[in-house]
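**Student:** build the 3D model from these lines:
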Amino acid sequence: MKDFFKWLELYYADKFGKKIPKEFLKKLFDPRECKGQISRLVGYFTANVIVEELDFKDPLLKYRVKFTPDAKKLMAFLKAIIKEKVILNPSVQHLEFKGQKAVISVFEVFASEPKKFLPARVYETFNNENDNYRVICDYIAGMTDATVFKIYDRLFSPRMGSVFDRL
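**Tutor:** I've put the predicted structure just below:
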């Protein structure tokens with residue numbers, strides 16, 4: 001990580017002053033400044049890759065790209081800070097819980113009476129497969145969040161949904 005802050009100092013000293021690590025992180029989480037910081041991270045990561053040549057003839061398999069050791073450390077640090085500051089944020093956790101509940105509820109309804117609730121083409125696949133529940137999982141996994149919530153509302157909210165709604 002020290003390498004990244006030296007890189008910032010070399011190319012962007014005028015943007016951070018003397019407290020580069022602190023200022024960088026502050027700007028990274030500022031909605032008005034984050035785009036520029038992400039751009040700097042992309043620039044750094046792009047400049048800090050190692051291309052390895054492997055023992056394959058196929059050009060798709062012949063090369064592997066990986067980060068330098070310092071870039072790997074920076075990536076691990078960023079993942080940890082994003083997990084702490086974003087993913088584990090209570091607001092995000094509330095949304096995740098709501099999404100999980102909707103997906104599980106929709107799955108349970110489809111699995112309880114597939115002929116009644118699955119679209120005809122999905123039910124046909126469901127009927128012809130040995131792993132029936134996998135068909136339901138794949139069908140739900142292919143939905144957008146908006147579609148899952150629309151189906152959830154249609155099934156569980158008394159005033160939502162109409163026979164004329166297209167799913």
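
**Student:** rest of the way, CA atoms for contacts and neighbours
**Tutor:** OK.

**Student:** and for the longest helix belonging to the chain, what are the contacting residues?
**Tutor:** Counting residues, the longest helix in the chain under DSSP state H turns out to be helix 90-112. For helix 90-112, the surrounding residues in contact (CA atoms under 8 Å, 6 or more residues apart in numbering) are 86-87, 116-118, 133, 136-137, 140, 145, 148-149, 151-152.

**Student:** what's the answer for stretch 119-132, then?
**Tutor:** With CA under 8 Å, 6+ apart, stretch 119-132 has contacts from 114-115, 133, 135-136, 139.

**Student:** now stretch 7-15: buried residues?
**Tutor:** 8-9 (16 or more other CA atoms under 10 Å).

**Student:** so the protein: which segments form each domain?
**Tutor:** With domains defined by automatic domain parsing, the chain comprises 2-88, 91-156.

**Student:** got CSV for the contacts of helix 90-112, with distance to Asn48 too?
**Tutor:** CSV is the format used below for these (distance: CA to CA, whole Å):
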residue, distance to Asn48
Val86, 26
Ile87, 27
Lys116, 55
Phe117, 52
Leu118, 49
Tyr133, 44
Ile136, 43
Cys137, 40
Ile140, 39
Asp145, 36
Val148, 40
Phe149, 42
Ile151, 46
Tyr152, 46
